[in-house]
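Colleague: Return atomic coordinates for the entry below.
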Amino acid sequence: MSTSIFVNIATADLERAKAFYTALGCEINPLFTDENAACVVWDEQVFFMVLTREYFATFTDKVLADTATTAQVLIALSRESREAVDAVLEAGLAAGGSEPKAAQDYGFMYSRDLEDPDGNILEFLYMDPAAVEQGPEAFMADSE
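Modeller: All right, here's what the predicted structure looks like:
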């Protein structure tokens, strides 16, 4: 059995969050979705459990971060090309997301950040397969 990843994130508006993530190309698994949570399917191994803030709070004794002003985690998801990074950002911006900083282009890696309407930060990146295999320093030395 392979490992699946379930990322739990809080939302102030579950319907808005569902609309945002489906605009990015995700599907909602209705078997694990109700008035408190939605299971957002990224792919066969990666899922976001988008939980109302009230429901999320039942899973921890800690104070929930205010994602409008505090970053608790950056969720990084790879894409198959630079164009795919740009396409998912454009979809997210059109669906009510925001881009908190300019694109980062390191030569071997290209990334852009997207904040969902609740302020959760998604980072979409493309890394040259040669850089993945060799490591960034060796890749950059070979490209000079």
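Colleague: Give me the neighbour count for the closest residue to D128 other than its chain neighbours.
Modeller: Computed as Cβ to Cβ, 6 or more residues apart in numbering, the closest residue to D128 that is not its neighbour in sequence is F108, at 5.1 Å. The C-beta positions use only the backbone N, C-alpha and C, and glycine is treated the same way. With neighbours defined by other Cβ atoms under 10 Å, the count for F108 comes to 21.
Colleague: from memory F108 sits against L125, does it?
Modeller: No - with contacts counted by Cβ atoms under 8 Å, F108 stays clear of L125, the gap being 10.6 Å.
Colleague: Surely T33 is in contact with C39?
Modeller: Yes - the criterion here is Cβ under 8 Å, and T33 meets it with C39 at 5.5 Å.
Colleague: What strand or helix carries the residue most central in space within the chain?
Modeller: The centroid of the chain falls nearest to L122 when counting by Cα atoms, centre = their mean (3.3 Å). Using DSSP states H and E, L122 maps to strand 121-127.
Colleague: Which strands or helices does that strand pack on?
Modeller: Helices and strands touching strand 121-127, as assessed by 3 or more Cβ pairs under 8 Å, 6 or more residues apart in numbering; DSSP states H and E, comprise strand 74-78, helix 82-94, strand 109-115.
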